[in-house]
Each structure stands twice: as C-alpha cells, then as structure tokens.
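**Student:** Generate a structure from the sequence data that follows.
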Amino acid sequence: MSGNGTGLEAVFEGPGLLVLRVLRSKDQGEAHTLRVPEPLAPKRWIHVAVVHHCGKRGLGLGSHSECYVYFDGQVVAHQELKYPRQAGQLDTCLVGTSSQAL
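**Tutor:** Prediction:
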C-alpha cells in the first residue's frame, strides 16, 4: 500500500475466506474486490498464490486485467480485477490485517 491508500491487499474475512481488494486513488476509496468462494481449511498448511495480470489497452478481447487465486496449485477463483495505479512509492506492508486497521 502507498501512503495515499492505494495498492492491493489480501485479507481474511470470516472463517478462512480470502478477499482481495484493489484500492485506486481515482476511485476515491472505492475498492474493486475478488472474494474466493472456497474457504481455507482450519489447522492445515496450504500454498496460496495470487497472479494479477495487467491488461493491455487497445488490444480488444482478452485485454482486461485479470486475477487468479490458486490453492495448492489449483485455480479456486478467477475474475477481471482492475490493476492498481501506482504513481508513488509502496510504503506499507501489512500481514494478518487490512489497511482499515491503520
């Protein structure tokens, strides 16, 4: 996250539900959200990977920004998700809490 509150966050909401949010300054605080429908099992190690592709303007179909979430190598969520606009430095990294806790 940057000092002006833009960036990407991945947080847990509820029992093992992963939520990704893109916070963009031009949206004046509006978050674009991807909610993973499959909850994480309690007391079990799992490999979580997030892949966020930036779309290319003017290329037609397939040019939108997309986000994929993998649990142990299997896709569990996929959707178009706007890419964060970063003009400044990323100066905050939170683990285990959301930016709303600041």
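**Student:** Can you classify residue 15 as helix, strand or coil?
**Tutor:** What DSSP: H, G, I helix; E, B strand; the rest coil gives for residue 15 is coil.
**Student:** residue contacts, it?
**Tutor:** By C-beta atoms under 8 Å, 6 or more residues apart in numbering, the contact set of residue 15 is 39, 42. For every residue, glycine as well, the C-beta is placed using N, CA and C.
**Student:** Could you measure from it over to residue 53?
**Tutor:** Per C-beta to C-beta, to the nearest Å, residue 15 is found 29 Å from residue 53.
**Student:** Same check on residue 24?
**Tutor:** When residue 24 is compared with residue 53 (using C-beta to C-beta), they lie 16 Å apart.
**Student:** And those two? Which one has more around it.
**Tutor:** The neighbour count for residue 24 versus residue 53, taken as other C-beta atoms under 10 Å, is higher for residue 24 (19 against 14).
**Student:** In stretch 10-25, which residues are buried?
**Tutor:** Neighbour counts over stretch 10-25 (16 or more other C-beta atoms under 10 Å) mark 10, 11, 18, 19, 20, 21, 22, 23, 24, 25 as buried.
**Student:** What is the helix or strand of the chain with the lowest mean pLDDT packed up against?
**Tutor:** Least confident element among the helices and strands of the chain, by mean pLDDT, DSSP states H and E: strand 7-13 (a mean of 80). Here strand 7-13 touches strand 17-23, going by 3 or more C-beta pairs under 8 Å, 6 or more residues apart in numbering; DSSP states H and E.
**Student:** what pLDDT, on average, does the strand it packs on get?
**Tutor:** Over the span of strand 17-23, the pLDDT mean works out to 83.
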